[in-house]
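In: let's see this in three dimensions:
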Amino acid sequence: MKQQDLLEKVGNLTQLTTDVAFRQSFMANPRAILAKAFPEFQIPTDVQFFLHENTTQELHIVLLPAEQTVFGDQLEESVERVLDKAIDNENFKKLLIADPKGTLSGELPDFFVPDNFRMYFHENKPNEIHLLLPALQLADEELSEAELDAVVGGSKGRGPHIGRKRGGGGPKCRSQKFKTGGR
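Out: Predicted structure coming up:
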C-alpha cells in the first residue's frame, strides 16, 4: 500500500462530505471503513490512524515517507522545495513540525499566513497514518457571519490569503484539497 494512494482515496470518498452518519462511523473506526471501501489495501494491524480536517482557520499538511512523496502539479515551486527539504533533512522536518509558521516565514519571506491561522505538519510513518478529512458539505448548512461577510464582500471573498505574496494572486497549493476560504 502506498500512503499517497490511500490519502487520495480518502480525499475522494464523497460519502465523507455528504453523509453525516458515514462520516461519524469513519471517525469512530477508520480501519473498518477503509477495509470495506478499499479491500485492495492491506492495512497492517499495528497501524494507527490520526484524522485531521482543514478548516477556514486551520491547515493540516501530511509529510509522507520520501519514497512515496508525490506533489501535485499545482504546487508552487518554492513550497515544493521546502517540503522536499523537510523530507530530506530530519532536523529541518522537526523545525517545520514544531513551528510551521515560523519555519515557513524563515524559508519563504513572501509566504504570508495570518496570525489567527493555525498550520500543522504531520509526518506519516510506517505505523502512523494521518488522514485528511474532506470538509462536510451539507445542503441545508447555514453560513456563519464571517462566511456571509465573505460572500457579500465583507472580506472581498479572498479568504485568509494563505501562501500569497502580499497583494499577489491566489496560492498554488498541494493537491490535498486545501482551498482558501473553504471548509
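In: and the top helix by length along the chain, average pLDDT?
Out: Secondary structure of the chain read by DSSP state H shows that its longest helix is helix 77-88. What helix 77-88 shows for mean pLDDT is 83.
In: and for stretch 126-133?
Out: Taken as a whole, stretch 126-133 carries a mean pLDDT of 88.
In: mind listing what's buried along that stretch?
Out: 129-133 (16 or more other CB atoms under 10 Å). Placement of C-beta: from N, CA and C, glycine included.
In: now render the residues you listed as CSV, adding secondary structure and distance to Asp115.
Out: Listed next are the buried residues of stretch 126-133 as CSV, based on DSSP: H, G, I helix; E, B strand; the rest coil; distance: CB to CB, whole Å:
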residue, secondary structure, distance to Asp115
Ile129, strand, 31
His130, strand, 25
Leu131, strand, 28
Leu132, strand, 23
Leu133, strand, 25
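In: which one among those residues gets closest to Arg23?
Out: Checking the buried residues of stretch 126-133 against Arg23 by CB to CB gives Leu133 as the nearest, at 7.5 Å.
In: give me every residue that touches the closest residue to the closest one other than its chain neighbours.
Out: Setting aside the residues directly before and after it, Leu133 is nearest to Glu53 in space (CB to CB, 6 or more residues apart in numbering), at 4.4 Å. By CB atoms under 8 Å, 6 or more residues apart in numbering, the contact list for Glu53 reads 60, 132-133, 135.
In: in the chain, what helix or strand scores lowest on average pLDDT?
Out: helix 145-152 (a mean of 47; mean pLDDT, DSSP states H and E).
In: any stretches of this structure with poor pLDDT?
Out: Scanning the chain for pLDDT under 70 picks out 1, 65-76, 138-183.
In: and the angle from the following helix or strand past the longest helix of the chain to helix 77-88?
Out: Under the assignment DSSP states H and E, the closest C-terminal helix or strand after helix 77-88 is helix 90-98. Calculated by axes from the mean of the first three to the mean of the last three CA atoms, to 10 degrees, helix 90-98 forms an angle of 110 degrees with helix 77-88.
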